[in-house]
Each structure stands twice: as C-alpha cells, then as structure tokens.
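# Give me a 3D structure for the following:
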Amino acid sequence: MCATNSSYLKADTSAAALRRKVLGNFLREARAHVQPQDWGLPVGTRRRTPGLRREEVAQLCAISVTWYTWIEQGRDVSISPTVCARLAKTLRLSRAERQYLFDLAECADPEADKAELKPLPQGLSDCVDHILAPAYILDRSWNVLARNQALLDLFAGWPDCSSKPNLLRYIFLDTRARDLVVDWERRAQRVVGEFRADVGVHVDEPEVRALVAELQEQSPIFAQWWGRQMVTEREGGIREFNHPKQGLLVYQQFTFRLAIRADCKLVMLLPH
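Next comes the predicted model:
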C-alpha cells in the first residue's frame, strides 16, 4: 500500500510540474505579444525583449518581480484568482486564453459566465430538429430556446403553448405536468435542486430572481423545496412519462453543455 501511494504521489508531482512549466511557457509567449506602448510604457532604445519585460508585467499586476519570475520558471508557487485576473488583463488575453490561464493555475475565474452572452448561432433549431429522439435546449433560467417535433409530441403540444416556454413553470404551474411525469413529486423535488445548482452565483440576476419569486408565490411546493437549499447535480437517468395517447414511455436522459454558451444545455431523451 505504501509503495502504491508513493508511486501515485510521484506521478501527481510530475503532472503538477508539467502543468507549471506549461503555464510559464504560456505567460512568456503572451508577454512577448504585448507592446509596452499598449500600457503607456516607454519603448526605449536598448530594449532586447520582445513585448513586455518581466519587471513591467510584475509592475502592472502589482506583484513582486521575483514572484512573477518564479511563475514563469515553473516553480511551485500558488497563484490566486486575483493575480490571474490581473495577468489576464495585463497580457490582454482573449476569453479562451483567460480560461486557459485559470485552468493551468488551478483556480476559479471570478468573472466566469459574467461576460455578455453571445446570441445562439443561426440554424441551432435545425440541429435540434435533426435529432430523432425528443431534444431541447435550455438556458440558465430553464427557458426553452429550441425543441424538436419529438419533444413536442411527448409533451402533448408543450412548449408551443407559450410564447416564452419555461420548463420550471411547466413542471410547477401547469397541471398537465403532474399527469404526464411519472412520480411527479419526487421528480419535481429533484428539479429544484438541479435548478439551484445550475444558477449558482447567478441566483441574484434579475431574470432568475423574478422567476424564483413567481414560482414561490404561485407554487407552495416549489417554495417549500426552494427554501431547503437543496443542490443536486443534473445527472440524467431514467425518465418515465404517462403519455395521454401512447401510454407509459421510458427514456434515458442525457445533458450536454453548449461550447458557444456555457449557460445553455442540450437535453436528449433516448428511448430506454
């Protein structure tokens, strides 16, 4: 057992060292592409370093030159989210580069998902339509942004019954949901935990706040479960429906995040 643990620790240390080396190389390359005049620094006549010097990056980030040098050298130093954010700003990193930096530094970006959301690409509904099984796309507030005919058939016309269909409103405010969803109470309770996990730090956003307030006011059951602070991962699994025409239908649910919009997810129900 001791030998196994020792081997694991060595492998882990090696992986950590490689990650730190990659981080240092990335910062050096990014530094070389930022010009001193971009930050109002004098270019000078004796500058040999392309882009910014280490001293200039450290100065702009309000950290010590020694510490920044150690980061570029791949030494075992911890980097806080605040320093990562300063580095991303100083080095003028793109959104993807910023995420890469935070991933290498193994810390969470406090600004993640706070940027202005990009509109969904044209043709997204066509993509969903080409899926044979029931499928739909939800945003952070669980508004249905796209759905296919198979889902429309499964939900007996919903979500086309509303100009802005929302899955939470359907589950808790539409009486048809209790007839359609097998073991509605257990599923609805879990949905509250899944929604809380989805919104996370965005729970105070106006749209999310308004939705929660509406559901708390109109659904005592939602209000009760929301107050219990349940958080549940959206794991998928077996979903059963009592279809008004087809009887009992059983599906396996799978959920995928969209690369272009991390707040959106594609949900598919495959026949089980």
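# List phi and psi for residue 161.
Main-chain dihedrals, residue 161, degrees, to the nearest 10: phi -80, psi -10.
# How many residues are close by it?
Neighbourhood size, residue 161 [other C-beta atoms under 10 Å]: 13. All C-beta atoms are positioned from the backbone trio N, CA, C, and that covers glycine.
# gap between it and residue 20?
55 Å (C-beta to C-beta, to the nearest Å).
# Ok, residue 204 next?
From residue 204 to residue 20 the distance is 36 Å (C-beta to C-beta).
# One more: residue 267?
Where residue 20 is concerned, residue 267 sits at a distance of 38 Å (C-beta to C-beta).
# Ok, residue 262 next?
26 Å.
# The two: which is more packed in?
A count of neighbours by other C-beta under 10 Å puts residue 20 above the other of residue 262 and residue 20, at 22 against 13.
# so which strand or helix has that one?
For residue 20, the element it lies in under DSSP states H and E is helix 2-32.
# following that helix, which helix or strand shows up next?
Using DSSP H and E, the helix or strand that follows helix 2-32 in sequence is helix 54-61.
# how about the helices in the stretch 101-250 of the chain?
For the stretch 101-250 of the chain, the helices defined by DSSP state H, counting those that start in this stretch cover 124-129, 149-154, 167-173, 176-180, 184-199, 206-218, 220-226.
# For residue 64, which of the ones you listed is the nearest?
Among those, helix 184-199 comes nearest to residue 64, with 38.7 Å by C-beta to C-beta.
# and the angle for that closest one with helix 206-218?
Counting by axes from the mean of the first three to the mean of the last three C-alpha atoms, to 10 degrees, helix 184-199 points 160 degrees away from the direction of helix 206-218.
# Just the buried positions in helix 184-199, please.
Within helix 184-199, the residues scored as buried using 16 or more other C-beta atoms under 10 Å are 184, 188, 189, 190, 191, 192, 193, 194, 195, 196, 198, 199.
# For the closest residue in space to the last one that isn't next to it in sequence, give its distance to residue 263.
When you say that, I think you mean residue 199. Take residue 199 and drop its neighbours on the chain: the residue closest to it by C-beta to C-beta, 6 or more residues apart in numbering is residue 208, 5.2 Å away. Going from residue 208 to residue 263 by C-beta to C-beta gives 11 Å.
# Touching both of the two, which residues are there?
140, 202 (C-beta atoms under 8 Å, 6 or more residues apart in numbering).
# These two - which one has more neighbours?
Taking neighbours as other C-beta under 10 Å, residue 208 and residue 263 compare with residue 208 leading, 18 against 15.
# Just confirm the more buried one contacts residue 200, I think it does.
No - with contacts counted by C-beta atoms under 8 Å, residue 208 stays clear of residue 200, the gap being 9.9 Å.
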